[in-house]
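> With the sequence up front, the predicted model follows.
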Amino acid sequence: MKRIICALFAFVMVFSATVMCHGEDDYMIPRLIDESEIIPDDDEAALLKRMNEISDKYQFDLVIMIVDKLDGIEIEDYANSAFEYLGFGYGGTEDGMLLLLTMDTRDWCVSKNGFALTAFCDAGYDYIIDKIKPDLGDDKYTEAFTDYVELCDDFLEKAKAGEPYTADTLPKEPFSVVTSLIISVIIGLVIALIVTGVMKGKLKSVRFKSAASDYTKQGSMYINESRDFFLYSTVSRREKKRDNDSSSGGGGSSRNQSGKF
C-alpha cells in the first residue's frame, strides 16, 4: 500500500508543478490522465471536455488513466487506490469509475465505485471493452476512448432511467450482409432436404422388412414356438437435484475487471 501511495503522490507532485508552471492558481486532477502521452493534445482536450460533460450530467466521475508502468504493483490495487487517493467519486457513495491502462504490459483494469456497480454489470463492461479493443490493439487511442466515453454515456443514461443494462438486455449486433446470406443459404438447404425427404417417402419401392415372418410365404410352414430375445439393454441414470444445489446468473457486477489490449 505504501508503494501505491508513493507512486500516486509522485504523480500529484509532478502534475501540480506542471500546472503551477502554466500560472494556474486553482486546479484539480483531470478526469483524463495521460501520463504516457499517447493522445494528441487537441484530441485530449476535446475528449476531456466530453468526459466532464458526462460526469456533471450524471453526477458520476468518469475517469481514464494511462500510465507507463506499475512497478510491480497489482493493477487492481493501483486502480482502486488511484480512484480513492486522487479524490474521485461523487457523493457519499463515491459514484464513479476509473479505467486504468498500463502501456508496458498492455493491461487494462476498471475500478467501479458506487453507482457504477449498478450501471455497469460485468457482461456490460465486457461488451464495452470488446467494442474498443480493436482500436486499442491498433494504437488508435483517440477513436477507442471516444467510443468508450459514448458507450459509458449510454449505459449511465439507461441506469439513471431505472433500466440498467443486464447480460440479457445488452444491445444486439445488427446482422451483416454476409451473415444474412449464409443464414439464408442454410435455411434453403434445410427446406430442400425436408421436401426431398417427403417426396422420397412417397415412393413405392422395395424396403427392408424387420420381421423374419415377412420373408416367408404364408401357409408354407408351421412354427411351434416363438420367443423374443433382447440382445442389448440401455440404462439411463439421472442425478436427483439436492436441496443445497445453487446456481447464479450472469448479471452481477464486480468492482474490478481486467484484461489485455
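Arrived safely, thanks for sending.

> Flag the shaky bits of the stretch 151-261 of the chain, pLDDT-wise.
For the stretch 151-261 of the chain, the stretches flagged by pLDDT under 70 are 173-185, 200-251.

> which residues in the stretch 51-200 of the chain form helices?
For the stretch 51-200 of the chain, the helices defined by DSSP state H, counting those that start in this stretch occupy 75-85, 116-119, 122-137, 141-160, 177-201.

> Show residues contacting the second one.
This points to helix 116-119. Contacts to helix 116-119, defined as Cβ atoms under 8 Å, 6 or more residues apart in numbering, come from residues 60, 95-97, 155-156, 158-160, 164, 253, 255. Glycine gets a C-beta too; all of them are placed from N, C-alpha and C.

> now do 6 Å
Contact with helix 116-119 is made by 97, 155-156, 159, 164, 253, as judged by Cβ atoms under 6 Å, 6 or more residues apart in numbering.

> quick one: which of the residues you listed has the most company?
Met97 (28 neighbours; other Cβ atoms under 10 Å).

> quick revisit: would you turn the contacts of helix 116-119 into TSV with distance to Leu32?
Converted to TSV, the contacts of helix 116-119 look like this (distance: Cβ to Cβ, whole Å):
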residue	distance to Leu32
Met97	13
Phe155	18
Leu156	17
Ala159	22
Pro164	25
Ser253	24
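
> And those, which is closest to Asp122?
Using Cβ to Cβ, Ser253 is the member of these that sits closest to Asp122, with 5.8 Å.

> Please name the residues that touch the closest one.
117, 121-122.

> ChimeraX command to pick out the buried ones of those residues?
Entered in ChimeraX, the line below selects the buried ones among the contacts of Ser253, by 16 or more other Cβ atoms under 10 Å:
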select :117,121,122
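
> coming back round to it: which member of the contacts of helix 116-119 is positioned nearest Asp56?
Leu156 (11.8 Å).

> Give me the pLDDT value at the residue nearest to that closest one when sequence neighbours are not counted.
What sits nearest to Leu156 in space, not counting adjacent residues and going by Cβ to Cβ, 6 or more residues apart in numbering, is Tyr58, at 4.7 Å. If you check Tyr58, the pLDDT there is 98.

> Quick check: Tyr58 touching Phe155?
No. Applying Cβ atoms under 6 Å as the test, Tyr58 and Phe155 come out as separate, 10.0 Å apart.

> Which helix or which strand is home to the closest residue to Thr142 other than its chain neighbours?
What sits nearest to Thr142 in space, not counting adjacent residues and going by Cβ to Cβ, 6+ apart, is Asp43, at 4.3 Å. Assessed by DSSP states H and E, Asp43 sits inside helix 41-58.

> Which elements pack onto that helix?
Under the contact definition 3 or more Cβ pairs under 6 Å, 6 or more residues apart in numbering; DSSP states H and E, helix 41-58 sits against strand 32-34, strand 61-67, helix 141-160.

> any residues touching that helix, and which ones?
Here helix 41-58 has contacts from 30-32, 61-62, 142, 145, 149, 153, 156, 160, using Cβ under 6 Å, 6+ apart.

> And for stretch 132-143?
With Cβ under 6 Å, 6+ apart, stretch 132-143 has contacts from 38-39, 43, 144, 147-148, 261.
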